[in-house]
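J.: This is a predicted model, with the sequence first.
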Amino acid sequence: MLELSQVSKRYGDDHALKSVDLAVAAGQTVVLIGPSGCGKSTLLRLIVGLLRPDSGTVAFEGQVLTAASLLEARRRMGYVIQEGGLFPHLTVRGNVSVMARHLQRDAAWIETRLADLAGLVRLPANLMDRYPAELSGGQRQRVSLMRALMLDPDLLLLDEPLGALDPMIRYQLQQELKSIFDELGKTVVMVTHDIAEAAHFGQHLVLMREGQIVQSGSLKALAENPAEPFVEAFITAQLEPMSRLNAVLG
Amino acid sequence: MSRAGWKVVLFVAVCGLVFERPAAAEQPPEAVIVGSKAFTESVILGEMLRRLAIDAGISAQHTRQLGGTRVVWNALLSGEIDAYPEYTGTLLQEILASEGLSTVDELSVVLAARGIGMTASLGFNNTYAIGMKAEQADRLGVKAISDLRGHPDLVFGFGNEFMDRADGWPGLQRHYRLPQTDVRGLDHALAYRGLEAGTLDAIDLYSTDAEIAYYDLRALQDDLGFFPEYDAVVLYRLDLAERAPAVVASFHELAGRIDAATMSALNARVKLAGESEAAVAASFLEQSLGLQIEPGTGTAGQRWWQRLWQRTAEHLTLVAISLSAAILFAIPLGILAARRKRVAHVVLATAGILQTIPSLAMFVFLIPLLGIGGPPAVVALFLYSLLPIIRNTYAGLKDIPASIVESAVALGLPPNARLRIVELPLATRSILAGIKTSAVINVGTATLGALIGAGGYGQPILTGIRLDDMGLILQGAVPAAVLALLVQGLFEAIERTLLPRGLRMQTNAVGATD
């Protein structure tokens, strides 16, 4: 489905990515995780073509992505970012259907699809004509997900989709998002810095540091057989607050 | 709009600008168009020429108070006007200075080679002079220009032309080795007020100026013989002599008829007694040449609201054409600049430089190409209106948050669809702000169009400055200010309908719940 080989990317003198290889099978959910600046978002942006690799290739559904093939390929990918990236001048309906209308899809088809997606992400139907400024943060992310799913993409890319939400809503959306992924059975590549969230979504975690993949596998495999001390340190650092909470609560 | 659609619109706009001809060219070929410079004497003489042409049975127009010697001279050369009053000194020392002529006979030959004819002197020498208040001159013991050497602290104020002309201040300073350093350029009509107010000690005078007697001024003796003769003459195109020989003959009739005292008196009747130039010119021609003048023609017969309406129509035409064209050009240029860094440098720098060209200089550049009147004014206003719109379009597009632009890219929208669906709507507020800035600048700058005969609200302002008449100035300034506010209000109304509703809301999510 998705294959990155020997992908490198520099910003000036900084190596954002150093010869990264990554393969994602159809139907798999892969979670990219690591500290800030490790290159996980850069990797996602290379897949959707917002950045072009300095060297190496990104292949999607067996085809190497080029400047010419990107436009077509993007329509088979859905991309959701932290703040939603919704167009402030368009309503919910306008945001979700913008690409379908550009491709001149049938109006009745669009309306049906909108209703289906609203049901899927549990967005109340009366919000369809609201503008992003009239929505809460959680609602905006639901709309952003609807927009990404509108053309029924094969690959869903999510860059910290819940990162800007407060913990309660975040927890609730994690549950819902997981069941949506299970229901749709799509290939998903997701970026997060939260190991609990990563474990919740992914069978397959990819831990990154300084532009390179350190280790990949299930959380259990990473915790039990850390490839290097950094893996253990990263997991411990995130689990420690939890164990402290548990100790207090007895 | 599609890319091809934009191109068509631009092409039509360009054609409209290039091929729009001045109203003057649509007159029947035998009509005579007279010009004059922006001071009272020139306007009176221009009125006389218009009356003489009418008396010879030819319809005639007077494009009055054009802004400066270069403007009128170029208009004559290009055939925008057929005749105007000039002074021999100006021709020898300024217009044709590079020819190195010394006599009036040589002058006639050189003029004829350019297709221009010249009458003999009208009878007076309106030379430059340096003037001070008589009381101050007596106190300091200044009688002649060379006496000024002993008073280096005196403040001089000279007309803008006099400041720069070879036969003006630079030459005078060298000739008399004058030490004064506080020398200011200003409008000639305002210089008298500066002298009266005491902010200036000496100014340049035209020796037939009515104010010399009125303000009790002393014209200093030109003891070292610097100023040349400035005999008043009429310049006319030689093709006018073929088209309307009777008119040219009547211009020659005027030669020798006006002596310096008469001219000074005529100037005083306009500037001090408030008569119209047309009336003063008519009564002079009746008395000295026995012309029978039909009263009540020309602008003097119009009601105030007719004049206001005419000026509003002229002003609105200048603003509407130049601003629409600027919008059609500047928005695509701003888009192009936002997309290509190199284009941005060139476009923003060019528009910035255009903005710094003084308007009178811009007019002088444009007159050889477009003549006088509406077209050069429209082109100048168009050029001045570009920068704010280009810059705000560019800034509006550049200021769209990266997350939104990237979302549009990631959706798979091609560049033109992104521009149309996402980027331009989000830049609307900024683009409209640029248009509003341009509109206000445009309405204000259009008043300068009167300097090159484009009419509008600048006409009464220019006349008011010349005649020191605050009422006349307000007749132009107040409607111009009102128009600027109205135009701004119009674009605010457009903004209310054009600005997407989602952008008018505060971008916060407080109050909504999950």
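T.: On my side now, so go ahead. On a predicted model such as this, the values are computed, not experimentally measured, just so you know.
J.: use CA for all of it now, contacts and neighbours both
T.: Will do.
J.: Would you mind listing what in chain A touches chain B?
T.: Applying CA under 8 Å from any CA of the partner chain, one finds that chain A approaches chain B through A:48-50, A:71-75, A:77-79, A:81, A:85-91, A:99, A:102, A:131-139, A:148, A:169.
J.: Could I have the ChimeraX command that selects the buried members from those residues?
T.: Here is the ChimeraX command that selects only those of the residues of chain A next to chain B that count as buried (16 or more other CA atoms under 10 Å in any protein chain shown):
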select /A:48,49,71,73,74,75,77,78,79,81,85,86,87,88,89,90,91,99,131,132,133,134,135,136,137,138,139,148
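J.: Which members of the residues of chain A next to chain B are positioned in helices?
T.: Assigned to helices by DSSP state H, the following of the residues of chain A next to chain B qualify: A:48, A:71-74, A:99, A:102, A:137-139, A:148, A:169.
J.: Now do the helix or strand where B:Arg193 lies: everything it contacts.
T.: Here B:Arg193 sits within helix B:188-197, counting by DSSP states H and E. For helix B:188-197, the external contacting residues (CA atoms under 8 Å, 6 or more residues apart in numbering or on different chains) are B:39, B:132-133, B:157-160, B:200-204, B:211, B:215, B:465-468.
J.: Ok, stretch B:376-386 next?
T.: Stretch B:376-386 is contacted from outside by B:17, B:318-319, B:321-323, B:325-327, B:329-330, B:351, B:354-355, B:359, B:362-363, B:366-367, B:370, B:438-439, B:441-442, B:445-446, B:449, B:452, B:454, using CA under 8 Å, 6+ apart.
J.: A:Met190: what secondary structure?
T.: At A:Met190, secondary structure determined by DSSP: H, G, I helix; E, B strand; the rest coil is strand.
J.: That one and A:Gly163 touch, don't they?
T.: No - assessed by CA atoms under 8 Å, A:Met190 is found out of contact with A:Gly163, at 11.7 Å.
J.: Neighbour count: the two, which is higher?
T.: A:Met190 (24 against 16; other CA atoms under 10 Å in any protein chain shown).
J.: for the more buried one, what are its contacts?
T.: A:Met190 sits next to A:29-32, A:157-160 when contact means CA under 8 Å, 6+ apart.
J.: returning to that earlier point: filter the contacts of helix B:188-197 down to the buried ones, ChimeraX style.
T.: Remark: buried members of the contacts of helix B:188-197, expressed as a ChimeraX selection using 16+ other CA under 10 Å:
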select /B:39,132,133,157,158,159,200,201,202,203,204,211,465,466,467,468
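J.: Sort out which residues of the helix holding B:Arg193 are buried, please.
T.: B:188-192, B:194-196.
J.: How about stretch B:396-409?
T.: B:396-398, B:403-409.
J.: Is there contact, residue-wise, from it to chain A?
T.: Yes - interface with chain A: stretch B:396-409 contributes B:403-404, B:406-407, B:409 (CA under 8 Å from any CA).
J.: Could you tell me how far that stretch lies from the centre of the chain?
T.: Stretch B:396-409 has its C-alpha centroid displaced from the chain centroid by 44 Å (CA atoms, centre = their mean, to the nearest Å).
J.: same deal with stretch A:110-121?
T.: On CA atoms, centre = their mean, the centre of stretch A:110-121 falls 21 Å from the chain's centre.
J.: So which residues make contact with that stretch?
T.: Residues outside stretch A:110-121 that contact it (CA under 8 Å, 6+ apart) are A:93, A:96-97, A:100, A:124-125, A:142, A:145-146, A:149-150, A:176, A:180.
J.: Narrow the residues you listed to those that are buried.
T.: A:93, A:96-97, A:100, A:142, A:145-146, A:149-150.
J.: Tell me which of those fall in strands.
T.: Among the buried ones among the contacts of stretch A:110-121, no residue falls in strands (DSSP state E).
J.: Of all residues in chain A, which one is closest to chain B?
T.: Going by CA to the nearest CA, chain B is nearest to A:His89 of chain A, at 4.4 Å.
J.: Just give the nearest non-adjacent residue to that residue, would you?
T.: Using CA to CA, 6 or more residues apart in numbering or on different chains and skipping the chain neighbours, the partner closest in space to A:His89 is B:Gly502 (4.4 Å).
J.: ok, the one you found to B:Pro388 distance?
T.: 25 Å (CA to CA, to the nearest Å).
J.: Same question for B:Asp164.
T.: Applying CA to CA, the value for B:Asp164 to B:Pro388 is 32 Å.
J.: Of those two, which one has the most company?
T.: Set B:Asp164 next to B:Pro388 and count neighbours by other CA under 10 Å: B:Pro388 wins out with 27 against 15.
J.: who's in contact with the closest residue to that one other than its chain neighbours?
T.: Nearest residue to B:Pro388, sequence neighbours excluded (CA to CA, 6+ apart): B:Gly434, at 4.9 Å. By CA under 8 Å, 6+ apart, the residues touching B:Gly434 are B:388-393.
J.: What of A:Ser218?
T.: A:199, A:202-205.
J.: repeat that for 10 Å
T.: By CA atoms under 10 Å, 6 or more residues apart in numbering or on different chains, the contact list for A:Ser218 reads A:30-31, A:198-199, A:202-206, A:224.
J.: In TSV, list those along with pLDDT.
T.: Putting those into TSV (pLDDT from 0 to 100) gives the following:
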residue	pLDDT
A:Val30	93
A:Val31	93
A:Ala198	88
A:Ala199	85
A:Gly202	81
A:Gln203	80
A:His204	90
A:Leu205	92
A:Val206	93
A:Glu224	89
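J.: closest to A:Val64 among those?
T.: Comparing the contacts of A:Ser218 against A:Val64 with CA to CA picks out A:Val30 as the nearest, at 20.2 Å.
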